[in-house]
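# sequence and predicted structure are below.
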Amino acid sequence: MSDDAGKLRLDKWLWFARFFKTRSLAATRVAAGDVRVNGARVTKRSTTISPGDVLTFSQGRVVRIIEVKAIGTRRGPAPEAQALYTDMSPPPPPKETPVSENPRFEGKGRPTKKDRRQADLSRSRHLE
């Protein structure tokens, strides 16, 4: 047991660190080969990790690059889980603000019927 000191199963650590809602979901993602440990693709749920390992996996549309700082003893609250790793993921690209086609009425309140008719005309001309 002394050789396993400071090591933990990959699926269990991902669950402890709150990257996945359930341990079985974490195990499924590992078994599918969606997780890399130190750059090597891993498919065994029981792969052991230790502090200093770098994990790479996708979470939604974001690719996460995580360095393991500590091995947890339980699945605690979020601040405790965030102390288990360092996030080395690149920052997400800035969101573009969509150009609104809705008219602005400069604080006049609700548009009048005339304003709405003009907006409808401009939309119908725009669609043609």
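The structure has been received and is ready for your questions. Just so you know, these numbers come straight off a predicted model, no measurement behind them.
# quick one, what contacts the closest residue to W15 other than its chain neighbours?
Setting aside the residues directly before and after it, W15 is nearest to R23 in space (C-beta to C-beta, 6 or more residues apart in numbering), at 4.2 Å. (C-beta placed from N, C-alpha, C; glycine too.) The contact partners of R23, by C-beta atoms under 8 Å, 6 or more residues apart in numbering, come to D11, K12, W15.
# among those, which one has the most neighbours?
With neighbours taken as other C-beta atoms under 10 Å, the top of the contacts of R23 is D11, carrying 23 neighbours.
# got the phi and psi for that residue?
Torsion angles at D11 (phi, psi; degrees, to the nearest 10) stand at phi -60, psi -40.
# so it touches K44, yeah?
No. If you go by C-beta atoms under 8 Å, D11 and K44 don't touch, sitting 9.4 Å apart.
# tell me, what's touching these two both at once?
Common neighbours of D11 and K44 (C-beta under 8 Å, 6+ apart) are V30.
# helix or strand for A70, which one?
For A70, there is no host helix or strand (DSSP states H and E).
# next, the contact list for it, please.
P51, A83, L84.
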